[in-house]
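Visitor: sequence first, predicted coordinates after that:
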Amino acid sequence: MAGAAFSAKAQSEHGVLPGSVAGPVSRHGAQSRSKAGTFVCTSAQSRHCGQLSSMARDFLCAEAQSGHGVLPGSVAGPVVWAGPESCTRAATNAGGSMSRVVNHVLEIPAPWSNTQETFYCVGRVAINDGGGGPGTEDKEQIKHCIIVGRLDGKVIVLSAGAQGIGRAAAIAFAKEGAQVTATDINGEKLKELDGHPGIKTKVVDVTKKDQVEALAKEFDHIDVLFNVAGFVHHGSFLDCEEADWDFTMNVNVRSMYLMNRAFLPKMLAKKSGNIINMASVASSIKGVVNRCVNSTSKAAVIGLTKSIATNFLEQGIRCNCVCPGTVDTLSLRGRIQAQPSPEQALKDFIARQKTGRMCTAKEVAHLCVYLASDESAYVTGTEHIVDGRKL
């Protein structure tokens with residue numbers, strides 16, 4: 001059973017559940033420890049996936065700093081079962097909607113999840129099925145590898161680039177070789193990015209249709225659109241006035257409608273495109289106290305993401321969303337300072353994290369690099385949670 005692969009002493013634990021993987025594999029027992037003390041273990045057939053996913057989450061929350069379950073669909077190549085029948089078969093596309101199977105094990109997020117970049121992605125299941133759901137499940141051993149220049153030549157546009165996650169993502173994208181245009185409504189803060197190689201800046205209010213359309217006209221093509229702009233309202237349903245509701249929905253949802261509406265046609269024209277929308281665990285994923293309208297808006301973002309992914313999959317468009325928990329940003333620090341007791345408010349935020357600290361913007365940016373890269377070519381229509389298993 002895959003449970004034997006787990007060790008309480010490991011610094012990082014991962015359960016990798018690929019579909020049909022290139023090359024001969026054994027149904028039981030493919031396990032290895034990397035130099036960093038990380039176990040990469042996989043589970044064979046579909047009926048075991050739920051068991052391993054549940055086990056990985058429970059174990060990793062209790063014992064490990066980081067751990068993930070990866071659930072691909074079908075992966076190209078012959079596989080060997082060492083089961084009772086000892087039969088050999090060829091892999092088939094058993095459910096993927098991208099009209100192909102995963103071409104190579106590097107399209108499985110195991111190499112990425114086997115790094116400190118994913119420290120705050122704990123006990124999660126990464127779905128890599130081309131939007132079609134898991135197919136037959138077999139086993140492969142994935143070893144750690146280092147990939148550089150992961151975004152070479154890609155044209156990326158992102159919003160809210162002046163600070164926080166947007167700024168961290170812009171820098172991370174550029175370091176991986178992308179040509180980044182970072183936008184924000186805050187021109188003064190945005191100027192701080194002007195000295196970074198590979199990054200251009202432009203002041204844009206993404207809630208204004210004319211400004212968004214003018215921005216889109218500047219690009220002949222675009223590879224990745226990252227919609228980061230957002231606002232967090234503090235309060236319950238009864239604390240949310242109509243003006244609060246309208247403002248939050250305008251920033252968090254309408255801005256994404258406008259940006260996606262302006263740039264999606266350019267992607268469709270070249271039959272290739274990648275959209276990443278910023279959502280939150282405070283959404284349809286989880287109810288959070290005093291996050292009523294924010295949770296409502298982020299649930300809408302998740303719905304928008306899945307709709308775009310489903311409707312335009314066959315035209316070469318991918319769409320995913322990132323769902324952070326509590327991220328230590330200037331925006332959060334400002335909200336903490338606004339509390340009656342900022343020191344206690346900070347302690348309360350940290351106390352909710354089983355990791356003993358809050359997530360950083362850079363850690364979210366690392367996930368975004370993976371989603372923007374070709375490593376995630378078979379990942380679409382999925383919420384990617386980065387919350388350190390928030391309580």
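Guide: Thanks, I have it.

Visitor: look up phi and psi at the closest residue in space to K154 that isn't next to it in sequence.
Guide: Nearest residue to K154, sequence neighbours excluded (CB to CB, 6 or more residues apart in numbering): D223, at 4.2 Å. Heads up, the C-betas are built off the backbone N, CA and C, glycines and all. Main-chain torsions, D223, degrees, to the nearest 10: phi -90, psi -40.

Visitor: and what of the one 3 residues further on?
Guide: When read as degrees, to the nearest 10, the backbone of F226 gives phi -120, psi 110.

Visitor: list the contacts for the closest residue to it other than its chain neighbours?
Guide: Counting by CB to CB, 6+ apart, L158 is the residue found nearest to F226 once chain neighbours are left out, at 3.9 Å. Residues near L158 by CB atoms under 8 Å, 6 or more residues apart in numbering: 166, 169-170, 173, 180-183, 225-228.

Visitor: my guess is the residue nearest to K154 contacts G273, does it?
Guide: Yes. Using CB atoms under 8 Å, D223 is in contact with G273, at 7.0 Å.

Visitor: ok, these two, which is more surrounded?
Guide: G273 (24 against 20; other CB atoms under 10 Å).

Visitor: would you check how far apart that one and Q315 are?
Guide: The gap separating G273 from Q315 is 8 Å, by CB to CB, to the nearest Å.

Visitor: ditto for C368
Guide: With CB to CB as the criterion, C368 and Q315 are 23 Å apart.

Visitor: so which of the two has more stuff around it?
Guide: It is C368, of C368 and Q315, that has more neighbours when counted by other CB under 10 Å, with 27 against 14.

Visitor: report the secondary structure state of the more buried one.
Guide: Following DSSP: H, G, I helix; E, B strand; the rest coil, C368 is assigned to helix.

Visitor: and the pLDDT for it?
Guide: Note on C368: pLDDT of 97.

Visitor: excluding sequence neighbours, find me the nearest residue to it.
Guide: C368's closest residue in space is A169 (CB to CB, 6+ apart), at 4.8 Å.

Visitor: which helix or strand contains the one you found?
Guide: helix 164-175 (DSSP states H and E).

Visitor: kindly report the same for D220.
Guide: Short version, using DSSP H and E: D220 is in no helix or strand.

Visitor: next, it: phi, psi?
Guide: D220 adopts backbone torsions of phi -70, psi -40, taken as degrees, to the nearest 10.

Visitor: contact partners for the closest residue to it other than its chain neighbours?
Guide: Leaving aside its sequence neighbours, D220 sits nearest to K266 (CB to CB, 6+ apart; 7.7 Å). K266 makes contacts with 216, 219-222, 273, as judged by CB under 8 Å, 6+ apart.

Visitor: flag every buried residue along stretch 372-391.
Guide: 372-373, 375-390 (16 or more other CB atoms under 10 Å).

Visitor: CA atoms only for the host helix or strand of E188 - export them in CSV, please.
Guide: Using DSSP H and E, E188 falls within helix 187-190. Output in CSV follows, covering the C-alpha atoms of helix 187-190 (Å, rounded to 0.1, in the frame of the first residue of the first chain):
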residue,chain,number,x,y,z
GLY,A,187,1.5,54.5,-10.7
GLU,A,188,4.0,55.5,-7.9
LYS,A,189,4.4,52.0,-6.6
LEU,A,190,4.4,50.5,-10.1
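
Visitor: mind giving me the packing neighbours of it?
Guide: Helix 187-190 makes packing contacts with strand 179-184, strand 199-203 when contacts are defined by 3 or more CB pairs under 8 Å, 6 or more residues apart in numbering; DSSP states H and E.
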